[in-house]
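Fold the stuff below for me.
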Amino acid sequence: MRKDLLTWQWSLYPDGHRNRLNLILHILSAPFFLAGTIGLVVGAVTLNAWLGGASVVVLALVVVVQGRGHALEEMPSVPFLGPMDFVIRFFFEQWVTFPRYVLSGTWARTLRDRR
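Residues are numbered from 1 along each chain as shown. Have a look, this model is predicted:
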């Protein structure tokens, strides 16, 4: 894993999130990732296999949708160092970096500029 993941991720984020369809896919799918993460934790704590399983399916779908969106970008994503790097980077992208991108106004400006 990288030393300062959030700073590193933020420095690459604008260049890797410029395609209009990718931006739309992210804004639509990111809330599902958050809900899926919460559902997975709640399912594990309450031993609710149905909730845990449904949450895993939702998380997997978000990964697929966002992966397809990233395939549209001119700048390819930095390759993952392994499975744990993928989990950690994706988790922090969804919970910290993407919300920061949206709340900073950069998502909206980029979407507007890509018309």
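
Give me the pLDDT for the residue nearest the centre of the chain.
The chain has residue 94 as the residue nearest its centroid, 3.9 Å off, counting by C-alpha atoms, centre = their mean. On the pLDDT scale, residue 94 is placed at 97.

got the contact list for it?
When the contact criterion is C-beta atoms under 8 Å, 6 or more residues apart in numbering, the partners of residue 94 are 30, 33, 34, 37, 62. Any C-beta I mention is one placed from the backbone N, CA and C, and that applies to glycine too.

Verify the contact between residue 72 and residue 16 for me.
No - under the criterion of C-beta atoms under 8 Å, residue 72 is not in contact with residue 16, lying 11.0 Å apart.

which of these two has more neighbours?
Using other C-beta atoms under 10 Å as the criterion, residue 72 and residue 16 rank with residue 16 on top: 16 against 13.

What about the nearest residue to that one once chain neighbours are set aside, how many residues nearby?
Leaving aside its chain neighbours, residue 16 sits nearest to residue 75 (5.2 Å; criterion: C-beta to C-beta, 6 or more residues apart in numbering). A total of 13 residues lie near residue 75 under the criterion other C-beta under 10 Å.

right, and residue 75 touches residue 15 too?
Yes - counting by C-beta under 8 Å, residue 15 is a contact partner of residue 75 at 4.9 Å.

Whichever helix or strand residue 38 is part of - contacts with which helices or strands?
Following DSSP states H and E, the helix or strand that holds residue 38 is helix 20-46. Packed against helix 20-46 by the contact rule (3 or more C-beta pairs under 8 Å, 6 or more residues apart in numbering; DSSP states H and E) you find helix 49-71, helix 98-103, helix 106-113.

May I see the ones you listed organised as CSV, with mean neighbour count and distance to residue 85 added?
Below are the helices and strands packed on helix 20-46 laid out as CSV (neighbours: other C-beta atoms under 10 Å; distance: least, C-beta to C-beta, whole Å):
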stretch, mean neighbour count, distance to residue 85
helix 49-71, 15, 14
helix 98-103, 17, 18
helix 106-113, 14, 24
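
Could you tell me the least trusted of the ones you listed?
helix 106-113 (a mean of 93).
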